[in-house]
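A.B. asks: got a predicted structure plus its sequence, pasted below:
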Amino acid sequence: MDLLEGNYPSLPYDVLLVISSNNKISNELSYLNITNETSINSLINHIYYINDIEYRITGIAKFKENSPLYDTSIVIYNNSLFNSYLPSVISIYPKDYNSKKIIINKLEGISYADYATSFKDISKDIIKIISLVLIVFASITLSVSILMISLTTYVSIFERVHEIGLLSSLGINKNNIKDIFYLENILSSFISAILSILFIYMIKYPFNRFIFHYIGLNNLLKPNISIIIIILIINILLAIIGSYFPLNKINKLKIVEALKYE
């Protein structure tokens with residue numbers, strides 16, 4: 001670019017007017033209030049207004065002949081002014097996920113930060129970690145439950161050896177005797193599950209209100225029929241598994257020894 005008259009912009013509102021190869025100004029610059037008949041010398045210090053802001057032309061220039069912009073007339077503003085008005089960050093808020101994908105495709109080759117995706121990925125990682133911790137605690141809880149059911153069943157058999165001997169002497173099959181203990185444990189587990197479900201429904205309303213008040217999440221505790229059925233099935237399976245090994249002791253009991261046991 002060749003400077004024809006004046007100086008390059010030095011103040012924030014100084015501008016450089018670039019004229020075309022035939023010393024003309026394009027119609028797009030009509031807001032400058034300059035005609036093509038105006039001499040170059042008289043354009044220096046010419047003042048014009050945009051949005052009530054005063055701008056001053058400090059120099060006249062022209063692109064070199066080998067430049068693709070040789071026939072172009074433009075206004076070049078001071079870098080400090082340009083940088084002050086140029087936003088450093090542009091925030092885009094898509095209305096839905098499909099709109100977001102369209103915007104991302106349009107931004108190809110442009111540096112951008114997708115905070116929603118980043119937050120989503122972080123949330124997924126946190127949920128995975130929490131899920132693993134809950135699985136570990138659930139496994140420990142189930143193991144302790146099976147162990148306690150086994151101990152309770154073993155103690156019950158130990159205290160009722162004489163009763164088992166009487167039932168065996170009456171001709172009742174040992175498998176039928178074992179079924180009695182299975183039924184007792186299943187009923188106990190079923191009743192405990194029902195009480196747990198009732199307790200959940202009792203605390204559901206105050207718990208949801210508390211969470212909504214302090215965190216803003218609504219209906220966090222919302223049990224449904226499928227969860228209730230799963231809880232009941234798990235309790236019954238735990239009762240059966242926990243009772244299996246202790247009840248094998250009944251097969252080893254001899255009727256005479258059981259009747260003598262007090």
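C.D. replies: Perfect, I can see it now.
A.B. asks: excluding sequence neighbours, find me the nearest residue to residue 184.
C.D. replies: For residue 184, ignoring the flanking residues on the chain, the nearest one in space by Cβ to Cβ, 6 or more residues apart in numbering is residue 156 at 7.8 Å. Just so you know, the C-beta spots here come from the backbone N, C-alpha and C atoms, and that holds for glycine as well.
A.B. asks: and the one you found, how many neighbours?
C.D. replies: Neighbourhood size, residue 156 [other Cβ atoms under 10 Å]: 15.
A.B. asks: residue 19 too?
C.D. replies: Neighbour tally, residue 19, other Cβ under 10 Å: 22.
A.B. asks: for the stretch 1-150 of the chain, just list every one of the helices.
C.D. replies: 40-43, 79-85, 97-106, 115-159 (DSSP state H, counting those that start in this stretch).
A.B. asks: and those, which is most packed in?
C.D. replies: Comparing the helices of the stretch 1-150 of the chain by mean neighbour count (mean count of other Cβ atoms under 10 Å), helix 40-43 comes out on top with a mean of 14.
A.B. asks: show me what it is packed against.
C.D. replies: strand 2-6, strand 53-62 (3 or more Cβ pairs under 8 Å, 6 or more residues apart in numbering; DSSP states H and E).
A.B. asks: closest one to residue 196 among these?
C.D. replies: With respect to residue 196, and counting by Cβ to Cβ, the nearest of the helices and strands packed on helix 40-43 is strand 53-62 at 71.5 Å.
A.B. asks: buried set for the closest one?
C.D. replies: Judged by neighbour count (16 or more other Cβ atoms under 10 Å), strand 53-62 contains these buried residues: 55, 57, 58, 59, 60, 61, 62.
A.B. asks: re earlier: isn't the residue nearest to residue 184 right up against residue 178?
C.D. replies: No. Using Cβ atoms under 8 Å, residue 156 is not in contact with residue 178; the gap is 12.0 Å.
A.B. asks: show me the contacts for residue 240.
C.D. replies: Listed by Cβ atoms under 8 Å, 6 or more residues apart in numbering, the contact partners of residue 240 are 182, 185, 186.
A.B. asks: separation between residue 60 and residue 141?
C.D. replies: For residue 60, the distance to residue 141 equals 84 Å [Cβ to Cβ, to the nearest Å].
A.B. asks: I'd like the helices and strands packed on helix 40-43 as CSV, with distance to residue 166 and mean pLDDT appended.
C.D. replies: Converted to CSV, those look like this (distance: least, Cβ to Cβ, whole Å; pLDDT from 0 to 100):
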stretch, distance to residue 166, mean pLDDT
strand 2-6, 119, 79
strand 53-62, 107, 82
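A.B. asks: turn the helices of the stretch 1-150 of the chain into JSON lines, including mean pLDDT.
C.D. replies: Conversion of those to JSON lines gives the following (pLDDT from 0 to 100):
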{"stretch": "helix 40-43", "mean pLDDT": "73"}
{"stretch": "helix 79-85", "mean pLDDT": "52"}
{"stretch": "helix 97-106", "mean pLDDT": "80"}
{"stretch": "helix 115-159", "mean pLDDT": "82"}
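A.B. asks: per-residue pLDDT, residue 255?
C.D. replies: Per-residue confidence (pLDDT) for residue 255: 65.
A.B. asks: tally of neighbours for residue 180?
C.D. replies: Residue 180: 16 surrounding residues under other Cβ under 10 Å.
A.B. asks: just the element for it, please.
C.D. replies: Using DSSP states H and E, residue 180 sits in helix 174-214.
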